[in-house]
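# need coordinates for the below:
(one chain, ligands or ions: 1)
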Amino acid sequence: MIECDVAIVGAGPAGCAAARECTRRGLKTIILEKKRIPRHKACSGILVPDSINTLSEHFGNVPQDVLAVPPHVNAMRMHFPGGHAWDIPIHGLMIWRDRLDAWLCKASHAEVLDETKMKSFAESTDGVDLFCVKSNGERLRVRSQIVIAADGGSSSMVKQIDPPLTARLTWYVALQETYACRCHLEPGFFHFFAFPKISLYPSAYVKDDLLVMEVVIKLKDKATLAMTRFKEHLWKQIGIEQARLIRRLGCRVTYAAPRGLFSFGTERILVSGEASGLLNLFGEGISSALASGRIAGRVSFNSIHQGMSPGRLYRQEIEAEKRKTISTFNYKTLLFREGSAFNFKKGLQALDWKERVIFSRNLLKWLLTLKG
Ligand SMILES: Cc1cc2nc3c(=O)[nH]c(=O)nc-3n(C[C@H](O)[C@H](O)[C@H](O)COP(=O)(O)OP(=O)(O)OC[C@H]3O[C@@H](n4cnc5c(N)ncnc54)[C@H](O)[C@@H]3O)c2cc1C
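Numbering: from 1, shown residues only. Modelled structure (predicted):
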């Protein structure tokens with residue numbers, strides 16, 4: 001058995017940010033990660049300003065080898081039926097997730113046990129036991145005062161903590177394919193296609209001369225069919241020649257925020273990152289993963305040293321991050337408020353009145369698809 005102050009399940013941005021907060025305050029911290037690090041993750045890899053600021057403040061500047069080429073994303077180019085396309089400015093960095101997360105793991109200074117899957121847990125009044133299995137079949141028990149569940153979008157910890165909430169969630173599947181090919185898709189942009197007939201969220205971009213394509217579909221539909229529809233739509237337009245599939249990644253996603261279906265854990269288990277439901281309208285979740293992970297780490301320290309209730313304190317402290325995520329699903333704040341990662345106000349100002357109406361109508365239609 002291993003004993004520690006804080007055990008963290010998941011070595012993504014939420015888990016690593018939580019670990020960094022714990023280790024800088026001298027807590028014995030262990031991260032458990034089921035995959036071997038570095039691991040790939042279906043993600044476009046755009047760091048919005050909130051993510052960049054949190055990283056540089058708490059981990060240092062993003063290392064050069066984590067960045068893709070080109071490293072900057074200037075805008076989200078929204079393509080609508082009828083050939084309309086508008087740019088929503090972003091000041092983003094494009095990174096590779098396997099490299100970002102490996103860097104964060106190392107920079108967290110926690111003890112990282114990869115290839116170690118948390119299977120079940122038991123919470124008591126003074127701690128939590130995690131029952132884990134390593135990839136070689138070996139069993140491991142980890143005992144800690146507090147657990148931070150940062151196990152991502154389809155969190156097995158949340159499923160065990162709150163089955164009624166999990167049953168109310170609508171699940172989608174995200175499929176990402178990466179191709180080596182020559183194409184004419186403009187780099188430096190995140191191309192988003194508001195074409196619900198293809199899929200909920202078709203997007204494509206160029207990174208290190210590779211074409212990355214993503215679709216999101218309802219669980220009952222076939223992701224590969226949606227990807228075929230998307231390829232039929234896009235490849236003609238951008239003149240693809242000889243595409244070679246390099247990688248295919250998938251994961252489950254849910255949009256809990258517009259329905260207020262969050263789960264922040266129990267008395268000694270603090271749920272952070274996407275596991276808790278923190279994922280905004282554009283599927284951007286790294287900023288809230290880092291922010292909520294930091295809050296969970298800080299709360300762990302304060303509750304251990306000041307004898308406070310970790311669960312109650314966490315639910316108070318996470319409130320602002322929760323509200324921030326919910327606000328992205330409100331088209332009025334999205335279109336008219338400055339300061340969001342995606343500058344819709346500036347994008348709208350570049351259009352004439354007729355275009356603004358078409359754009360707003362299309363955006364609203366797409367938002368309603370998400371809410372439904
Ligand atoms: C297609 C797609 C594109 C996206 N693009 C962007 C983007 O451009 N920018 C952005 O900010 N966000 C993006 N997101 C969202 C972003 O990827 C997530 O919100 C973010 O990774 C959440 O971080 P996390 O630390 O909460 O979870 P994750 O990054 O998912 O990490 C969870 C970790 O927990 C591990 N784990 C799970 N279960 C166990 C277990 N039982 N035991 C041990 N380990 C376990 C997993 O292996 C994983 O490493 C995208 C998502 C998708 C699906």
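# from here on, just use CA atoms for contacts and neighbour counts.
OK.
# quick one: neighbours of residue 352, just the number.
9 (other CA atoms under 10 Å).
# check the one 5 residues further on too.
Other residues near residue 357 come to 13 when the count uses other CA under 10 Å.
# is it true that residue 230 touches residue 198?
Yes. Using CA atoms under 8 Å, residue 230 is in contact with residue 198, at 5.9 Å.
# hang on, isn't residue 279 packed against residue 285?
Yes. The pair residue 279 / residue 285 is scored as a contact, 4.7 Å apart, by CA under 8 Å.
# shared neighbours, the two?
residue 273 (CA atoms under 8 Å, 6 or more residues apart in numbering).
# centre of the chain to stretch 21-33, how far?
On the basis of CA atoms, centre = their mean, to the nearest Å, stretch 21-33 sits 21 Å off its chain's mean C-alpha point.
# show residues contacting it.
Residues contacting stretch 21-33 (CA under 8 Å, 6+ apart): 4-11, 15-16, 19, 108-118, 294, 297-298, 300-301.
# need the helices for the stretch 101-250 of the chain, in chain order.
Secondary structure of the stretch 101-250 of the chain (DSSP state H, counting those that start in this stretch): helices at 156-161, 163-168, 223-238.
# nearest to the ligand, out of the ones you listed?
Smallest distance to the ligand across the helices of the stretch 101-250 of the chain (CA to the nearest ligand atom): 6.1 Å, for helix 156-161.
# related to what we said a few turns ago, let's have the helices of the stretch 101-250 of the chain in CSV, adding mean pLDDT and mean neighbour count.
Formatted as CSV, these follow (pLDDT from 0 to 100; neighbours: other CA atoms under 10 Å):
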stretch, mean pLDDT, mean neighbour count
helix 156-161, 97, 18
helix 163-168, 95, 13
helix 223-238, 91, 16
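# can you tell me which of these is nearest to residue 102?
helix 156-161 (22.3 Å; CA to CA).
# look up how far residue 353 lies from the spatially most central residue of the chain.
When CA atoms, centre = their mean is applied to the chain, the residue found nearest the centroid is residue 285 (3.3 Å). According to CA to CA, to the nearest Å, residue 285 and residue 353 sit 32 Å apart.
# repeat for residue 118
Taking CA to CA, one finds residue 118 at 54 Å from residue 353.
# the two: which is more packed in?
Neighbours per residue, other CA under 10 Å: of residue 118 and residue 353, the larger number sits with residue 118, 24 against 11.
# bridging residues for the more buried one?
Residue 118 has these beta-bridge partners by DSSP bridges: residue 132.
# what does the stretch 1-150 of the chain have sitting close to the ligand?
9-15, 32-35, 42-47, 116-119, 150 (CA under 6 Å from any ligand atom).
# among those, name the buried ones.
Among these, the ones that count as buried by 16 or more other CA atoms under 10 Å are 9-15, 32-35, 42-47, 116-118, 150.
# ranges for the helices of the stretch 251-372 of the chain?
Secondary structure of the stretch 251-372 of the chain (DSSP H, counting those that start in this stretch): helices located at 286-306, 310-317, 319-327, 331-336, 344-349, 353-371.
# residue 203 contacts residue 213, doesn't it?
Yes. When contacts are counted by CA under 8 Å, residue 203 is listed as touching residue 213 (5.8 Å).
# how close does the closest residue to residue 266 other than its chain neighbours sit to residue 318?
Spatial nearest neighbour of residue 266, chain neighbours left out: residue 311 (5.6 Å); criterion: CA to CA, 6 or more residues apart in numbering. From residue 311 across to residue 318, the span is 11 Å (CA to CA).
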